[in-house]
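K.L.:
test case, fold it:
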Amino acid sequence: MRLGTVLIPMFVLCGCEPVELVTTEAGIINGEPIATDEYPSAAQLIVQGTADMPYTMPICTATLIAPDVALSAGHCVDPMLIGLNDMTFCVTFLEDQTWMGSQADPPLPDDAVCSSGYVQHPDFDVMAMPPDGLSNYHDVSLVFLETPIVDRPFAYMPDADEAGQLFEQMEVDIVGYGMQDPYDTSMINERYWAHTFINELAEFEMQVGSDASTGRKCHGDSGGPTYVDVETELVESRRVIGITSRAYAAMEDCNMGGVDMRVDAFLDWIEEAMIQACDDGLRTECDEPGIPRP
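P.N.:
Numbers count the residues shown, from 1 in each chain. The predicted structure follows:
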């Protein structure tokens, strides 16, 4: 089950009434609320689109990795999964969007910045759910913003040497806008944080958190960041190392630590996609079009 969007309407092409599909994305469990200026690169991802009417919905979490680029999960921007036409994605950094869940097409938050385009990893396939445990689901996406965000810092991604510092049981921080209780879907769309650890580490993915007593992610946290402070001589030591993807075991859902895509495993693709977006006119911050370094 995905740790992505909660209560995404899935629209049938026959023109029938939409039905709501509860997928397995949730918020931070065993965490606490944080202000917008804490972990300032963490954002909530909102989708706008149409079916039989306009819809605006908070769906996932994302991370600002450049003034005009947000990093998220592949399934968070998947047209088949979301079921809307003419999709635009927006990011907000405000603490509380619970009010958005009470109407189909609410106004955007005051700080929202929307997309000029987006891209999924080419090997991501929403229909090909991976088995339990760690594998490589390629569950990565980038959202390009029509206006750069210059009033808050973005997150840096690790280089190969910094990624080599990761190990099992390493302490990390997680941020998301998902559920704070694995059984209560009303507790969602608030900015939460927890201190936890890497329980299992593989080449492309990692499990963040373990049993019910640990900080972990749930519905609504999909695409959201896992942060760590690396050893470095550079001024900035914090790196975003994970992208929330899905449950570790489908039957367990949010009752155990979930799966993150490792950011360092996808640096080549991220670099190429960021440069291509500059070539395609989707970005405005193109003096150094590739991945920024501190």
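K.L.:
avg pLDDT for stretch 150-170?
P.N.:
What stretch 150-170 shows for mean pLDDT is 97.
K.L.:
quick one: buried residues of that stretch?
P.N.:
Judged by neighbour count (16 or more other CB atoms under 10 Å), stretch 150-170 contains these buried residues: 154-158, 162-163, 166. Just so you know, the C-beta spots here come from the backbone N, C-alpha and C atoms, and that holds for glycine as well.
K.L.:
could you do stretch 206-216 as well?
P.N.:
Residues of stretch 206-216 classed as buried: 206-210, 214-216 (neighbour count, 16+ other CB under 10 Å).
K.L.:
you'd agree E236 is up against P292?
P.N.:
No. Applying CB atoms under 8 Å as the test, E236 and P292 come out as separate, 10.4 Å apart.
K.L.:
anything in contact with each of the two?
P.N.:
By CB atoms under 8 Å, 6 or more residues apart in numbering, E236 and P292 have these common neighbours: Y156.
K.L.:
higher neighbour count, the two?
P.N.:
Set E236 next to P292 and count neighbours by other CB atoms under 10 Å: P292 wins out with 16 against 13.
K.L.:
distance check, that one against V47.
P.N.:
Distance of P292 to V47, computed by CB to CB, to the nearest Å: 26 Å.
K.L.:
what's the answer for V263, then?
P.N.:
V263 is 23 Å from V47, by CB to CB.
K.L.:
what's the pLDDT at A62?
P.N.:
We note a pLDDT of 98 for A62 in this prediction.
K.L.:
got the buried residues for the strand or helix carrying it?
P.N.:
Using DSSP states H and E, A62 falls within strand 54-66. Buried residues in strand 54-66, counted by 16+ other CB under 10 Å: 55-66.
K.L.:
next secondary structure element downstream of it?
P.N.:
Downstream of strand 54-66, the first helix or strand assigned by DSSP H and E is strand 69-72.
K.L.:
so what strands line up beside that next one?
P.N.:
strand 54-66 (antiparallel), strand 141-145 (antiparallel) (DSSP bridges).
K.L.:
could you point out which element follows the helix or strand encompassing M206?
P.N.:
According to DSSP H and E, M206 maps onto strand 205-208. Next along the chain after strand 205-208, taking DSSP H and E as the criterion, comes strand 216-218.
K.L.:
what helices or strands is that next one leaning on?
P.N.:
With contacts taken as 3 or more CB pairs under 8 Å, 6 or more residues apart in numbering; DSSP states H and E, strand 216-218 sits against strand 26-29, strand 171-176, strand 258-262.
K.L.:
and the shortest one, what's its mean pLDDT?
P.N.:
Read that as strand 26-29. Averaging pLDDT along strand 26-29 gives 65.
K.L.:
run me through the strand neighbours of the helix or strand following it, direction for each.
P.N.:
Next along the chain after strand 26-29, taking DSSP H and E as the criterion, comes strand 32-33. As defined by DSSP bridges, the strand partners of strand 32-33 come to strand 192-201 (antiparallel).
K.L.:
using PDB, write down the CA coordinates of the partner strand.
P.N.:
This file holds the C-alpha atoms of strand 192-201, laid out as PDB (Å, rounded to 0.1, in the frame of the first residue of the first chain):
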ATOM      1  CA  TYR A 192       4.500  17.400  11.900                       C
ATOM      2  CA  TRP A 193       8.000  16.200  12.700                       C
ATOM      3  CA  ALA A 194       9.600  13.200  14.500                       C
ATOM      4  CA  HIS A 195      13.100  12.000  15.400                       C
ATOM      5  CA  THR A 196      13.600   8.400  14.300                       C
ATOM      6  CA  PHE A 197      16.100   6.100  12.600                       C
ATOM      7  CA  ILE A 198      17.000   4.100   9.600                       C
ATOM      8  CA  ASN A 199      15.900   0.500  10.400                       C
ATOM      9  CA  GLU A 200      17.000  -1.200   7.100                       C
ATOM     10  CA  LEU A 201      19.200   0.100   4.300                       C
END
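K.L.:
how far does it sit from its chain's centre?
P.N.:
Centroid separation between strand 192-201 and its chain, computed with CA atoms, centre = their mean, to the nearest Å, is 15 Å.
K.L.:
list the buried ones in it?
P.N.:
In terms of neighbour count (16+ other CB under 10 Å), strand 192-201 has its buried residues at 192-194, 196-201.
K.L.:
alright, calling it a day.
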